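Novice: coords below, sequence missing:
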């Protein structure tokens, strides 16, 4: 076990997680779905320009259609920070991702909250479907079309108890993937959005034949993250997801790389809870091991 809080943080950090085949693509799309909604809240036209395909179309549940140019004009429109009806949050929920080679289909719900404005639209849920394509020199996913299929008042209904659907699984793994990406980017505010403030993590390592346990709170983690200088990379594969109502757990093997060199491996066990803002990581337990079964992912790619 590392002797300082910073090195303990390095032992925990999970950056740019990968999973074999379609699982990796599903995780990437799940992360992109939430990043698009976060960009809408921030009115981040620069990011959306990179995601929307040249032929992008946005179809509302009323049947009205926006072209890419019209959508971007709307995003760029200046809105005062205290304007009634501005977005507070847009949280992806019940996400289902289907990968078909270089085409991806997503369906899900977006829980939208606004600050003031028409009372009917301060808290509502949008059902939607989207189509992505992958291409270009860097093989990036781009959004071809969005279709809002229905809108209802209030937050989305919870998942049924004791069920693991593909939609729930993709949503939850998307939250973890988002967290991994904030670790790689040292994005403190991004990490804060997917963590429960009161949560806690525990690291377990065998030392002299006995378990050595260190723990830190989510708040401590965010503080320490700002001090980490090393490049962090962790890969996970074959994640197991269990869900009951508004609680979930994810158990997955991993290997961890520090400045491009393999550091350690083990098991990550995440605990998640479903909040009014969507699924968040409450904490968890992870092992720190020097020897594990070989990763099916092979050598680390830069």
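Specialist: Thanks, I have it. Source: prediction; values computed, not measured.
Novice: pretty sure residue 88 is in contact with residue 38, am I right?
Specialist: No - counting by Cβ atoms under 8 Å, residue 88 sits too far from residue 38 to count as a contact (11.8 Å). Every residue, glycine included, has its C-beta placed from N, CA and C.
Novice: higher neighbour count, the two?
Specialist: More neighbours surround residue 38 than the other of residue 88 and residue 38, with 19 against 13 (other Cβ atoms under 10 Å).
Novice: what does the pLDDT read for the residue nearest to that one when sequence neighbours are not counted?
Specialist: Using Cβ to Cβ, 6 or more residues apart in numbering and skipping residues adjacent in sequence, the residue nearest residue 38 is residue 90, 7.3 Å away. On pLDDT, residue 90 comes in at 92.
Novice: and the helix or strand where residue 90 lies, what's buried?
Specialist: Assigned by DSSP states H and E, residue 90 falls within strand 86-100. By 16 or more other Cβ atoms under 10 Å, the buried positions in strand 86-100 come out as 87, 89-97, 99.
Novice: which residues in the stretch 151-300 of the chain form helices?
Specialist: 166-185, 188-193, 218-225 (DSSP state H, counting those that start in this stretch).
Novice: just those helices: most buried one?
Specialist: helix 166-185 (a mean of 23; mean count of other Cβ atoms under 10 Å).
Novice: just how off-centre is that helix within its chain?
Specialist: 3 Å (Cα atoms, centre = their mean, to the nearest Å).
Novice: quick one: mean pLDDT over it.
Specialist: 83.
Novice: any idea of the angle it forms with helix 218-225?
Specialist: Relative orientation of helix 166-185 versus helix 218-225 (axes from the mean of the first three to the mean of the last three Cα atoms, to 10 degrees): 40 degrees.
Novice: all strands in the stretch 1-150 of the chain, in order from the N-terminus.
Specialist: Assigned by DSSP state E, counting those that start in this stretch, the strands in the stretch 1-150 of the chain fall at 52-59, 65-67, 86-100, 103-115, 123-135, 140-153.
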